[in-house]
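*Asks:* dropping the sequence and predicted coords here.
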Amino acid sequence: MPNSDKSSEWSEYEETIEKFIQVIAKNMNLYGITSSVGRLYGALYFAEEPMTLDDMRDALEMSKTSMSTGVRSLAEMKMVQPAYKKGVRKDLYKSEEDWYKSFTSLFGNRWRHHTETNIEEAEEAIHELELIRDQTEDDHLKQKIADDIDRLKYAQNYYRWLMKFIQVVESGEIFKYVPKH
């Protein structure tokens, strides 16, 4: 096979992989992850071997500081992990290739934080409304507050249910109901 044909095939290959890395980056936006961090994950995912920050910088043409911040974010989400190779003194990283594990960790972390905050905010709103209700003589306002407290308690029940759902996802129990492929 002539060298130019192989070069053309490699270019097509690289273009195809790059397109998919862009898809990964766009999808990760759904979870609040920047597209540059998504591209970083994609590059690590398709890398044949673990990469150093310098390797990542060269592959993505981003600053080493950006790479370091991105790797740290991905590590916190359990989407990348340190790797070791005999004779290599620089830090190496590889992607977590179990997307199910990554999703459950990422989903759990993101949703848990927001849901806990929503439960606390509803509790605070209920407390503040109860103080207003106890001080007012306005019967119409008292009724409106009672109705709104009921709405807030309904919201809290929903958020508590959502916390149970998050636990089902985080524990991996979700896979009993929705099996992995």
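*Replies:* All right, it came through fine.
*Asks:* flag the shaky bits of this protein, pLDDT-wise.
*Replies:* Across the chain, residues meeting the criterion (pLDDT under 70) sit at 1-5.
*Asks:* so the residue located most distally from the centre of it is in which element?
*Replies:* Most distant residue from the mean C-alpha position of the chain: residue 137, 48.2 Å away (C-alpha atoms, centre = their mean). When secondary structure is defined by DSSP states H and E, residue 137 falls outside every helix and strand.
*Asks:* with residue 149 instead?
*Replies:* Residue 149 belongs to helix 139-171, assigned by DSSP H and E.
*Asks:* report the distance from that helix to the chain centre.
*Replies:* The gap between where helix 139-171 is centred and where its chain is centred comes out at 25 Å by C-alpha atoms, centre = their mean, to the nearest Å.
*Asks:* and that helix, what does it pack onto?
*Replies:* Applying 3 or more C-beta pairs under 8 Å, 6 or more residues apart in numbering; DSSP states H and E, one finds that helix 139-171 makes contact with helix 99-135. From N, CA and C alone the C-beta is placed, and that goes for glycine too.
*Asks:* neighbours of the nearest residue to residue 56 once chain neighbours are set aside, how many?
*Replies:* Among residues not flanking residue 56 along the chain, residue 67 sits closest, at 4.5 Å (C-beta to C-beta, 6 or more residues apart in numbering). Residue 67 sits with 25 neighbouring residues when counted by other C-beta atoms under 10 Å.
*Asks:* isn't there a helix covering residue 67?
*Replies:* Yes - when DSSP: H, G, I helix; E, B strand; the rest coil is applied, residue 67 is found to be in a helix.
*Asks:* that one reaches residue 60, doesn't it?
*Replies:* Yes - contact criterion C-beta atoms under 8 Å: residue 67 and residue 60 qualify, at 7.3 Å.
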